[in-house]
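*Asks:* quick check, what structure comes out for this input:
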Amino acid sequence: MKRNLISIFWITIMLICFIMTSISCFAEEVEYFTICQPDSFVCVREHAKKASAESGYLMLGDRVLSDGKRKNGFVHVLGITEAGEGWVHSGFLIEDEPVVEEVTARIISDGRVACRRSIGGTRRKWLKNGDEVIVYAWGSEWSITDNGFIKSEFLERVEANTETEKQSLTE
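*Replies:* Down below sits the predicted model:
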């Protein structure tokens, strides 16, 4: 009887291990793109803490894969450094590939619009309707500008003056 209980115990343990391994093997990878100022970078950390050691860097528009793990506002990313993995703050990751181009845009709003330090991060400054900014990367939800991160819905491209373009082309 005692032998049967021990056998059942070990079979249960092995079954639990098999199930846990199967779940982790089939975890769906999520694709993200980094968004930051063009002359800057995003730190990849060894642990999901701001004070953790840096294990690598990502530039504007870099594509990364995540295994779906999240902790303390960070996302676990794979295959990006010599170590093969690390943690990136979620405020610098978007799911849609940004359109990287430098264009002038105008703020369109009935009120003021917040410029943020990261996606959804702390407010850096306020802009008002009609203010112009330089957009470095357009995202479906957030765009990176010379003033910081701004929700894309409040930005409108400023069309170039066709008369000025004609003059520059003929000179």
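*Asks:* ranges for the helices of this protein?
*Replies:* 2-25, 162-170 (DSSP state H).
*Asks:* ok, of these, where does mean pLDDT dip lowest?
*Replies:* Here these differ in mean pLDDT, and the lowest is helix 162-170 at a mean of 43.
*Asks:* ok, Gly61 to Ile150 distance?
*Replies:* For Gly61, the distance to Ile150 (CB to CB, to the nearest Å) stands at 17 Å. No exception for glycine: its C-beta is placed from N, CA and C like everyone else's.
*Asks:* looking at the two, which is more packed in?
*Replies:* Just comparing Gly61 and Ile150: by other CB atoms under 10 Å the higher neighbour count belongs to Ile150, 22 against 17.
*Asks:* for the residue nearest to Phe92 when sequence neighbours are not counted, which residues are in contact?
*Replies:* Leaving aside its chain neighbours, Phe92 sits nearest to Val42 (4.4 Å; criterion: CB to CB, 6 or more residues apart in numbering). Applying CB atoms under 8 Å, 6 or more residues apart in numbering, we find Val42 in contact with 34, 36, 57-59, 62, 88-89, 92.
*Asks:* and Ser66, by the same measure?
*Replies:* 29-32, 75-78.
*Asks:* same thing with Phe149?
*Replies:* 35, 91, 115-119, 121, 142-143.
*Asks:* bridged to it, which residues?
*Replies:* Arg116, Ile144 (DSSP bridges).
*Asks:* where's it relative to Leu127, distance?
*Replies:* From Phe149 to Leu127 the distance is 12 Å (CB to CB).
*Asks:* what do those two both touch?
*Replies:* What both Phe149 and Leu127 touch, as defined by CB under 8 Å, 6+ apart, is the set Cys115.
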